[in-house]
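>>> sequence and computational prediction follow.
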Amino acid sequence: MTTHLVTGASGQLGQLTIAHLATLVDPASIIALVRSDEAAARFAAQGIQTRRGDYKDSASLAAAFAGVDRVLLISSSEMENRVAQHQAAIDAAKAAGVAFLAYTSVLRAPENPMILARDHAATEAHLRASGLPHTLLRNGWYIENYLGSAAQALASGQLFGAAGTGRIAAAARDDYALAAAHVLRGGHDGAVLELAGDDSFTMADLASALTDLAGKPIAFVNLPEAALAQGLVQAGLPEPMATILADADARSGDGAVFDQSRILSRLIGRPTTPWRSLVAKALAPQQA
Ligand SMILES: NC(=O)c1ccc[n+]([C@@H]2O[C@H](COP(=O)([O-])OP(=O)(O)OC[C@H]3O[C@@H](n4cnc5c(N)ncnc54)[C@H](OP(=O)(O)O)[C@@H]3O)[C@@H](O)[C@H]2O)c1
């Protein structure tokens, strides 16, 4: 039986991917790579086997990848030395004789001007150099990235950002998860997949949708990138993270997360989840 291992399994994308994968392959072939007892127990309750592994502990990765055929490497959420973490996972997979690895990158990674794209471009280069058969899941933005500021906007009447009039082809995290599950099952080996939502929106469109949802005016306030970064620091984010997020928002104003390829919907066999419905579903209870 071909075995399928998903790293970052405890995370939001990982959990959704495993749920979809379990409908596409024999659930007994799925291995969730986790770091905590709590995550291991959650998967055990679902009948999914787990192994332990940390991107910062090469020995744990070597043991985790032993006998595994296909791996989904979900990019780390720990930003410090992220490339080294990913390299350790790729090297361990290669050494263990893994046959295929899919990596969750970012839209047009090598040319994407966002600061956070640099780690993805470096990881992609390492993966190419490794000679390991692979697929690049170049994920665009999650619609969910906007839910925090949208919820604040419902309360305050102002939606803050730095993306100006840029169009954002975000997609639901669950749609990217379904795509990842399809790729891990097989049939797309060797592909470079630029993945994004079928529809796009501007921040003004999002403010307008929130206005409809709230039944009161919500205005988009476009801030200079530095002011947005400062606001994020004041809201409690560490400065390096605030800089990266403000940069990402400003670059999305230049089209860094816009795409019209519709590769994602073709891959998952249905239109991507409309952004308006996701936002309405996520935020409607707050209106009660
Ligand atoms: N496209 C987008 O809009 C977007 C937005 C946000 C993030 N991302 C990227 O996409 C990834 C997946 O998104 P998500 O929403 O699932 O993020 P998430 O919920 O924060 O999950 C991150 C996962 O990475 C794991 N992880 C972190 N450090 C690790 C390490 N040293 N070794 C092994 N595993 C480690 C976490 O494990 P623990 O539970 O053990 O901590 C968790 O399972 C993120 O990590 C980030 O790189 C993309």
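It's in.
>>> check contacts around the closest residue to residue 174 other than its chain neighbours.
The spatially closest residue to residue 174, leaving aside those adjacent along the chain, is residue 16, at 5.1 Å (CB to CB, 6 or more residues apart in numbering). Glycine gets a C-beta too; all of them are placed from N, C-alpha and C. In this structure, residue 16 makes contact with 173, 174, 177, 178, judged by CB atoms under 8 Å, 6 or more residues apart in numbering.
>>> also near the ligand: which of those, exactly?
Judged by CB under 6 Å from any ligand atom, the overlap between the contacts of residue 16 and the neighbourhood of the ligand comprises residue 173.
>>> ok, of the contacts of residue 16, which come out buried?
By neighbour count, with 16 or more other CB atoms under 10 Å, these hold 173, 174, 177, 178 as buried.
>>> mind checking the end-to-end distance for stretch 23-40?
Between the opening and closing residues of stretch 23-40 we find a distance of 20 Å, counting by CA to CA, to the nearest Å.
>>> again with stretch 123-142
First-to-last residue span, stretch 123-142, CA to CA: 20 Å.
>>> if we can go back for a sec, nearest to the ligand, of the contacts of residue 16?
If you rank the contacts of residue 16 by distance to the ligand using CB to the nearest ligand atom, residue 173 comes first, at 6.0 Å.
>>> how close does that closest one sit to residue 158?
In this structure, residue 173 and residue 158 are separated by 25 Å, where distance is defined by CB to CB, to the nearest Å.
>>> show me what from the stretch 1-150 of the chain comes close to the ligand.
Looking at the ligand, the residues of the stretch 1-150 of the chain close enough under CB under 6 Å from any ligand atom are 8, 10-14, 35-36, 39, 54-56, 74-78, 85, 104, 139, 141-142, 145.
>>> strands along the chain, start to end?
For the chain, strands defined by DSSP state E occupy the ranges 4-6, 30-34, 49-52, 70-73, 100-106, 134-139, 158-161, 192-195, 219-222.
>>> could you dump these to JSON lines with mean neighbour count, mean pLDDT and distance to residue 228?
Putting the strands of the chain into JSON lines (neighbours: other CB atoms under 10 Å; pLDDT from 0 to 100; distance: least, CB to CB, whole Å) gives the following:
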{"stretch": "strand 4-6", "mean neighbour count": "28", "mean pLDDT": "98", "distance to residue 228": "34"}
{"stretch": "strand 30-34", "mean neighbour count": "26", "mean pLDDT": "98", "distance to residue 228": "34"}
{"stretch": "strand 49-52", "mean neighbour count": "18", "mean pLDDT": "98", "distance to residue 228": "38"}
{"stretch": "strand 70-73", "mean neighbour count": "26", "mean pLDDT": "98", "distance to residue 228": "31"}
{"stretch": "strand 100-106", "mean neighbour count": "26", "mean pLDDT": "98", "distance to residue 228": "20"}
{"stretch": "strand 134-139", "mean neighbour count": "25", "mean pLDDT": "98", "distance to residue 228": "23"}
{"stretch": "strand 158-161", "mean neighbour count": "20", "mean pLDDT": "97", "distance to residue 228": "7"}
{"stretch": "strand 192-195", "mean neighbour count": "21", "mean pLDDT": "98", "distance to residue 228": "26"}
{"stretch": "strand 219-222", "mean neighbour count": "17", "mean pLDDT": "98", "distance to residue 228": "9"}
